[in-house]
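*Asks:* Quick one, structure for this:
(one chain, ligands or ions: 1)
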Amino acid sequence: MALSEVNNDRGELRILENLDELRTDLADYIAELSEAAVKERGVFAIALSGGSLIDLMGKLCEAPYNKTVDWAKWYIFWADERVVAKNHSDSNYKLAKDGLLSKVPIVPSHVHSINDSVSAEEAADEYMFVIRQLVKTRMVSVSDISDCPKFDLILLGMGPDGHIASLFPNHSALDETDEWVTFIIDSPKPPPERITFTLPVINSASNVAMVVTGESKAEAVHLAIDNIGPDCPSLPARLVQPTKGKLVWFLDKPAASKLDGLQFSE
Ligand SMILES: O=C(O)[C@H](O)[C@@H](O)[C@H](O)[C@H](O)COP(=O)(O)O
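*Replies:* Numbering: from 1, shown residues only. Below is the predicted model of the structure:
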């Protein structure tokens, strides 16, 4: 159970006592959304990111979730990917495959990773084409207020600089509104070449989860969530504002430690 659950205009905040509780709460949340989407649409379209997220999703590979989740209905995407070979240690696909996808009965043809043998620009274009085909067949839903894909769930981590997916502070990719997927070749965090969902796609999702742990993120969490007035920097994480969908933050106590009005006793 969450140590603290708060709803504000930056979404629902779930602050968990420790990483074990966060892992359980996150697995419950994903399993519930999967069940609801499968009941409603017959499929569950989920977009993953890299970083610690995959490890924090680990309980899904264990009982009861490994048996109760309808894995055959999952369609997997990446909110961002490093443009490296799929077997490279920097690959978000490899991270998810090793840590999650190889441990549960996902249908291989439902796993939509990028083409790793072309340039970042071509990989972004091709990925957008793939998503477009799946929107046409409604494997991925479509937003009724934009023509953007409406993923059932997009899972994001956040860097200490407030970046989400491969959208970094002050980078022009943040302003991309025409494309669903864009590319960068100058990531401030290596490797430099990446593809990423754009903000309109992230904000068209039915559900967005921000999964953020550790003290190094506390300041960025404060800037992304608290009401910090007119000087509010355009932190990428603060720009995550689902238009009609639901935003949930999964935080551990260290990541939440600089939030206004939250005091934890040790
Ligand atoms: O592509 C990347 O460089 C990472 O995937 C990155 O975007 C990550 O998701 C965040 O930095 C949070 O990472 P942690 O949760 O591991 O801190």
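*Asks:* Reduced to three states, what does the nearest residue to residue 215 once chain neighbours are set aside come out as?
*Replies:* Nearest residue to residue 215, sequence neighbours excluded (C-beta to C-beta, 6 or more residues apart in numbering): residue 254, at 4.0 Å. All C-beta atoms are positioned from the backbone trio N, CA, C, and that covers glycine. Classification of residue 254 by DSSP: H, G, I helix; E, B strand; the rest coil places it in helix.
*Asks:* Touching, residue 254 and residue 219? I think so.
*Replies:* No - with contact defined as C-beta atoms under 8 Å, residue 254 does not reach residue 219; the gap is 11.5 Å.
*Asks:* sorry, back to before: distance of the residue nearest to residue 215 relative to residue 228?
*Replies:* 20 Å (C-beta to C-beta, to the nearest Å).
*Asks:* For these two, work out which one has more neighbours and name it.
*Replies:* Neighbours per residue (other C-beta atoms under 10 Å) separate residue 254 from residue 228, with residue 254 holding more: 17 against 14.
*Asks:* For residue 266, give me the pLDDT.
*Replies:* If you check residue 266, the pLDDT there is 54.
*Asks:* Oh, that last question was meant for residue 122, not what I typed.
*Replies:* Looking at residue 122, its pLDDT stands at 98.
*Asks:* Was I right to think it contacts residue 115?
*Replies:* Yes - between residue 122 and residue 115 there is a contact at 7.3 Å, judged by C-beta under 8 Å.
*Asks:* just to revisit the earlier point, residues contacting the residue nearest to residue 215?
*Replies:* Contact analysis of residue 254 by C-beta atoms under 8 Å, 6 or more residues apart in numbering lists 213-215, 218.
*Asks:* Tally up the residues packed near residue 115, please.
*Replies:* Other residues near residue 115 number 16, with proximity taken as other C-beta under 10 Å.
*Asks:* next one: phi and psi at it?
*Replies:* phi -80, psi 120 (degrees, to the nearest 10).
*Asks:* Can you name the next helix or strand after the helix or strand of the chain with the lowest mean pLDDT?
*Replies:* Least confident helix or strand of the chain, by mean pLDDT, DSSP states H and E, is strand 4-8 with a mean of 68. Following strand 4-8 in sequence order, the next helix or strand is strand 11-16 (DSSP states H and E).
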